[in-house]
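Colleague: got a predicted structure here, sequence first:
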Amino acid sequence: MSAPAFEAFLSTPEMLAVFDTPAVVQAMMDFEAALARAQADEGVIPQAAAAAIADVCKAELYDIPAIVGASGRAGSLAIPLVKKLTETVALFDADAAGYVHWGSTSQDVLDSAMALLSRRALALVERDLSALTLSLLDLAERHGDAPVLGRTLLQPAQVVSLGFKLAGWIAPLLRSRRRLRVAADAALQLQLGGAVGTLAVMGDKADAVVRRVAERLQLRVPDMAWHTQRDELAALACELGVLTGTLGKIAKDISLMAQGEVAELSEPSGDGRGGSSSMPHKRNPVAAMVALSAALRVPHRVSALLASMVQEHERGLGNWQAELAETAGLFISVHGALGALAGVAGGLQVDRRRMLRNIDALQGLVFAESVSMLFARRIGKARAHALMEQLSRQVVASGRHLREVTHEAWQADDTLRAHFTDAEIAALFDPERAAQRAVDIATPRLAAMREAARALDNA
């Protein structure tokens, strides 16, 4: 079954395939096969029954749309699936059919299947998170020393370096990668508790069966059934939400820097990327658009998963069912953002000349603080600040460059001329010099980030 067009448009084929209905059904079948094999190994059910059950735990053998269609009436996808599995086993071994799903419950199947699917989804997230980080590090290596306007409250503030800006993008990606691993280790666990979490039907074999099923599925052995204790799943969802917020921040910066009036960065073009149906000149930042769309939607999904934690007694009504859909949607949105940015990061185009032109277009006003602090050494901070405010107003009114009006003020002030040369003042208007502090900060940090990324890749 394909995803709705608008969902597919904002995600990736790989992630959509992870949560495609046949994949979900197969993950549930994998649980049933592992359960039967583990129970047979512990003598809970006959080996022959386990073999008969496992042999038909193949999604392609079933009418999946019919199972999905019946799930609404049954209240769970697991109920019609187990029914059809039992009927199919009975075609080959009537006795074995009585051991299908022995001692388990619907939530065991669905939660364990979702853990299997989430593991595959997280592998995609990990892969593309690594790729995005490395592409940004490579971009910093090529263009990290480029002076660029730092902006606060959407207004030009001071000159920084592109590497400084990129370091601000990369650091939270690395932090998310580490935290996601910790959250995934906790959340990707087997669910097997039976009717109310005690596995009473399996008696003293219960713990051994749990260990064997977990081993077969390569999931963590839980301390106990967690049918209505959803904290570790919620923690994983929150980490995915934080990652998407970071991706949204990167996308926001790219989109702002790609505006035609700014034009400091641009996404790669070609093959129809970023075109317009009516305006041939347009070059839309479509990867940023996808990431920003995810950043809008993911907080609501995370909120729904947090709300789903409030569950009744030993089995929730409506909350964990909602959680299943929201978890799939969360991964689909997250990977849409991540895949989009990872796909363009290596080809981001940097226009150094435009960055310098944007700095110069401000008539030197972004250097006012540096000049003010130089003057403050001799005439005091308050007087220097007032002087630069006055000179800045002159610049705005006259359209001249701050360097010129500052030179005139220096010529007219004996104190300033006695302590500073014209060359010293002029040097403060050099963008390369202004960006040097940011370069000095970013360079060792970017090197450390590359080492951290390499260590994560090798872990």
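Modeller: Structure's in. What do you need? Numbers count the residues shown, from 1 in each chain.
Colleague: so which strand or helix has residue 177?
Modeller: Element membership of residue 177, judged by DSSP states H and E, is helix 162-187.
Colleague: can you give me the buried ones in that helix?
Modeller: For helix 162-187, burial by neighbour count (16 or more other Cβ atoms under 10 Å) applies to 162-167, 169-174, 176-177, 179-180, 183-184, 187. (Each C-beta comes from the backbone N, C-alpha and C, glycine too.)
Colleague: give me the mean pLDDT for the longest helix seen in the chain.
Modeller: Ranked by residue count and defined by DSSP state H, the top helix of the chain is helix 106-143. Computed over helix 106-143, the mean pLDDT rounds to 98.
Colleague: return the distance of stretch 5-25 from the chain's centre.
Modeller: 17 Å (Cα atoms, centre = their mean, to the nearest Å).
Colleague: the residue lying closest to residue 339 once chain neighbours are set aside: neighbour count?
Modeller: Taking Cβ to Cβ, 6 or more residues apart in numbering, and ignoring the residues beside it in sequence, residue 339 has residue 12 as its nearest neighbour in space, at 4.2 Å. Residue 12 is flanked by 21 other residues according to other Cβ atoms under 10 Å.
Colleague: from residue 117, how far off is residue 12?
Modeller: 15 Å (Cβ to Cβ, to the nearest Å).
Colleague: quick one: residue 5 from residue 65, how far?
Modeller: For residue 5 relative to residue 65 (Cβ to Cβ), the value is 19 Å.
Colleague: with residue 217 instead?
Modeller: 26 Å.
Colleague: so residue 333 touches residue 299, yeah?
Modeller: No: Residue 333 is beyond contact range of residue 299, at 10.2 Å (criterion: Cβ atoms under 8 Å).
Colleague: which of the two has more neighbours?
Modeller: Remark: of residue 333 and residue 299, residue 333 carries more neighbours, 27 against 14, as counted by other Cβ under 10 Å.
Colleague: in space, what's closest to the more buried one - neighbours in sequence excluded?
Modeller: residue 294 (4.5 Å).
Colleague: run the angle between the helix holding residue 177 and helix 106-143 for me.
Modeller: Interaxial angle, helix 162-187 versus helix 106-143 (axes from the mean of the first three to the mean of the last three Cα atoms, to 10 degrees): 160 degrees.
Colleague: contact partners for the closest residue to residue 311 other than its chain neighbours?
Modeller: Of all residues not flanking residue 311 in the chain, residue 228 sits nearest, at 3.9 Å (Cβ to Cβ, 6+ apart). Residue 228 makes contact with 311, 312, 313, 314, 315, 316, 320 under the criterion Cβ atoms under 8 Å, 6 or more residues apart in numbering.
Colleague: just the buried residues from these, in PyMOL please.
Modeller: Provided next is the PyMOL selection string for whichever of these are buried by 16+ other Cβ under 10 Å:
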select buried, resi 311+315+316+320
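Colleague: now the strands for the stretch 1-150 of the chain?
Modeller: In the stretch 1-150 of the chain, the strands defined using DSSP state E, counting those that start in this stretch lie at 147-152.
Colleague: gap between residue 239 and residue 208?
Modeller: Counting by Cβ to Cβ - residue 239 and residue 208 are separated by 33 Å.
Colleague: these two: who's more crowded?
Modeller: residue 239 (22 against 16).
Colleague: list the helices and strands whichever strand or helix holds the more buried one packs on?
Modeller: Using DSSP H and E, residue 239 falls within helix 231-257. Contacts defined by 3 or more Cβ pairs under 8 Å, 6 or more residues apart in numbering; DSSP states H and E place helix 231-257 against helix 106-143, helix 162-187, helix 286-307, helix 319-345.
Colleague: and the first one, what's buried?
Modeller: For helix 106-143, a neighbour-count test (16+ other Cβ under 10 Å) marks 106-122, 124-137, 139-140, 143 as buried.
Colleague: how about stretch 445-459?
Modeller: 445, 446, 449, 450, 452, 453, 456.
Colleague: filter those residues down to the ones in helices?
Modeller: Going by DSSP H, the helices hold 445, 446, 449, 450, 452, 453, 456 from the buried residues of stretch 445-459.
Colleague: which pLDDT value goes with the nearest residue to the last one once chain neighbours are set aside?
Modeller: Once flanking residues are discounted, residue 456 sits nearest to residue 177: 5.7 Å by Cβ to Cβ, 6+ apart. We have a pLDDT of 98 for residue 177.
Colleague: my read: residue 177 touches residue 133, true?
Modeller: Yes: counting by Cβ under 8 Å, residue 177 does reach residue 133; the two are 7.5 Å apart.
Colleague: other residues contacting stretch 165-175?
Modeller: The contact list for stretch 165-175 (Cβ under 8 Å, 6+ apart) reads 129, 132-133, 136-137, 139-140, 144, 148, 150, 243, 246, 249-250, 253, 441-442, 445-446, 449, 452-453, 456.
Colleague: rewinding a little: how about the residue nearest to residue 311, secondary structure?
Modeller: At residue 228, secondary structure determined by DSSP: H, G, I helix; E, B strand; the rest coil is coil.
Colleague: picking up where we left off before, give me the buried positions along whatever helix or strand comes next after the helix holding residue 177.
Modeller: Note on helix 162-187: by DSSP H and E, the next helix or strand toward the C-terminus is helix 206-217. For helix 206-217, the buried set under the neighbour-count rule, 16+ other Cβ under 10 Å, comprises 206, 208, 209, 210, 212, 213, 214, 216, 217.
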